[in-house]
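In: heads up, no residue letters with this:
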């Protein structure tokens, strides 16, 4: 079994610890987002790190450059594996986030969110933008120019991003739903096998695993689709 699946723990503290006990750290990484971090703080990172898990701290920093600089340094001090920011924060903010990691012997990976996979063409128009694919590519280009490690993007955007910016530019893909799974609040989705075929490096898969009666078995079933 490879280690390409990132499982979000959108739970409260004790439930997150219980859920993590289902998994082998060599088979998945864990994502701590706003819900869990807001309720539990840094202690959840320390607890999961002590169990051997690499942590993607998914707080999507988006603020003035100095604030993001300090937030990224604080996150790096927690020893997480990956941090993200919003690419739409602009060049100065992205550069500040990159500069925040100078001096670390083993800095976390730094990636930027292009457009949330819950957004459709219609919802993009509601905020005064159009052409979703062009917006994603523009934000990926900006992230690459600012020397970030990669981006969060939909599986459908991965192939062109890899083509434009190279195989080493990491693509992290949410909105992954095994066949017949509920779409929940996602708009642009793909199956695990489609995402791997498109070139996604890491797949973020939450509810199809965490809401399963057998989370460990659900993870194994997903790997059967991508190996």
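Out: Cool, the structure landed. Source: prediction; values computed, not measured. Residues are numbered from 1 along each chain as shown.
In: The longest strand seen in the chain packs against which elements?
Out: The strand of greatest length in the chain, counted in residues with DSSP state E as the criterion, is given as strand 55-61. Other helices and strands packing on strand 55-61, by 3 or more CB pairs under 8 Å, 6 or more residues apart in numbering; DSSP states H and E, are strand 29-32, helix 34-40, helix 42-50, helix 65-77, strand 82-86. (Glycine included, C-beta is placed from N, CA and C.)
In: What's the mean pLDDT across the longest one?
Out: When pLDDT is averaged along helix 65-77, the result is 98.
In: And it, what's buried?
Out: Taking 16 or more other CB atoms under 10 Å as the basis for neighbour counts, the residues of helix 65-77 that come out buried are 65, 68-69, 71-73, 75-76.
In: and it, how far out from the chain's middle?
Out: On the basis of CA atoms, centre = their mean, to the nearest Å, helix 65-77 sits 18 Å off its chain's mean C-alpha point.
In: Looking at the helices and strands packed on strand 55-61, spot the one closest to residue 17.
Out: Taking CB to CB, helix 42-50 is the member of these nearest to residue 17, at 6.3 Å.
In: Next, the buried residues of that closest one.
Out: Counting neighbours by 16+ other CB under 10 Å, helix 42-50 gives 42, 44-45, 48-49 as buried.
In: How about residues contacting it?
Out: Counting contacts by CB atoms under 8 Å, 6 or more residues apart in numbering, the residues outside helix 42-50 that touch it are 13, 16-17, 20, 30, 32, 36-37, 55, 57, 78-80.
In: before we move on, what about stretch 82-91?
Out: Residues from elsewhere that reach stretch 82-91 (CB under 8 Å, 6+ apart): 29, 54-63, 68, 72, 75-76, 93-94, 97, 108-114, 139-140, 142-143, 145-146, 148, 151-152, 172.
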